[in-house]
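Visitor: Quick one, what's the 3D model for this:
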Amino acid sequence: MTFSRPLRRPSGPDSGAAPVLVSAARPRGQAECDVRREADLAQVRADLALVQARILARKREIALGWSRASTADRLLAVDRFLRDGNLDAVQIAEITARQDRARSAFYAVRAERKSRGEETSSGLQARRGAELSACEAERDRFIGMARLTEELWRTSETFVLPSHVAARHGPFRELLAFEALLEQRLLHLEQQPSPLAEPEPEPELPTELPSPPRIQVRAVTSSSRPPFHHRLLQLLQGAATS
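Guide: Here you go, the predicted model:
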C-alpha cells in the first residue's frame, strides 16, 4: 500500500514550525481487461477441444481395429501392455493370469488345426475356438472394468491399427500427452487473478497524530498519620527523657 504525503506548512504566527505531513491516497485508475489473457484462454480451449475430438476418433478406430485384429496380434498387444503400461503389481498379476489362459487356448486351437486327419477334428476345433473367445473376452472385460483400456491402446495401438491409420493424427500416446499439457495450461490461466477485480480500499491515515492522554498523579496523604521526620523526632525525644 503506497501513500503520497505532501507537505503542508502551517500559516499564522506559528509559521516557523516544522511542516506537517498530510496523508492522501493516490487516485486509482479504472481497471482494464487483460485482452491477452482472454485471447490465450480462448486459444487453449479451442486447441483442447480439437485434441479431444481427435482422441475420441482415434479410440473408435482402435476399438474397430481391435475387433478385426487376429488373436496373435491381440496377444502381442497385451504383452506390450503388461511390459510398458502403468500398472501396479496386482493388476499385472490378474491380467497375466488371464493372458496365459488365452494363450493356452490359442495354442490348443492351432494344434487342433494341424490334426485335420482325425474324424473329430472339426468338432474339437469349434470347441477350442469357443474357449479361446471366452478367455479373450474375460481378459478384455477385466481390463475394461479396471479402466485400463485407454492405457492398453496407448501402449499397443500399433499392433491393431494399420500404419496409415496410425499416422493420420499422430500416435495415440502423443495425443494423450498433448491433452494433458493443454489441461495444465488452461488450469494455470484460469487460476490467475482477474485484473477486473476491485482492489480493497486503502485506509486513510490521520492528518495529525493524537496527543497522548495526560496522567495526573496526586499525592495521597493521611491526616491521622504524622510525617516520617515528625515520628522520628518523637522517638528521639522519648529516648532522651528516659
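
Visitor: Thought residue 153 was touching residue 59, still the case?
Guide: Yes - assessed by Cβ atoms under 8 Å, residue 59 is found in contact with residue 153 at 6.9 Å. The way it works is simple: take the backbone N, C-alpha and C, and place the C-beta from them, glycine included.

Visitor: the more surrounded of the two?
Guide: For residue 59 versus residue 153, neighbours defined as other Cβ atoms under 10 Å are more numerous around residue 153 (23 against 16).

Visitor: need the contact list for that one.
Guide: 59, 62, 66, 172 (Cβ atoms under 8 Å, 6 or more residues apart in numbering).

Visitor: Out of those, which one has the weakest pLDDT?
Guide: Note: of those, the lowest pLDDT belongs to residue 172, at 85.

Visitor: Which residues are in contact with the closest residue to it other than its chain neighbours?
Guide: Spatial nearest neighbour of residue 172, excluding adjacent residues (Cβ to Cβ, 6 or more residues apart in numbering): residue 157 at 4.8 Å. Applying Cβ under 8 Å, 6+ apart, one finds that residue 157 lies in contact with 58, 62, 65, 166, 171-173.

Visitor: cool, and residue 136?
Guide: Residue 136 neighbours (Cβ under 8 Å, 6+ apart): 71, 74, 102.

Visitor: for the longest helix belonging to the chain, packing partners?
Guide: For the chain, the helix reaching the highest residue count under DSSP state H is reported as helix 35-68. Contact partners of helix 35-68 among helices and strands, from 3 or more Cβ pairs under 8 Å, 6 or more residues apart in numbering; DSSP states H and E: helix 149-160, helix 172-191.

Visitor: what's the closest of the ones you listed to residue 42?
Guide: Evaluated over these, closeness to residue 42 peaks at helix 172-191, with 10.1 Å, by Cβ to Cβ.

Visitor: re earlier: filter the contacts of residue 157 down to the buried ones.
Guide: 58, 62, 65, 166, 172 (16 or more other Cβ atoms under 10 Å).
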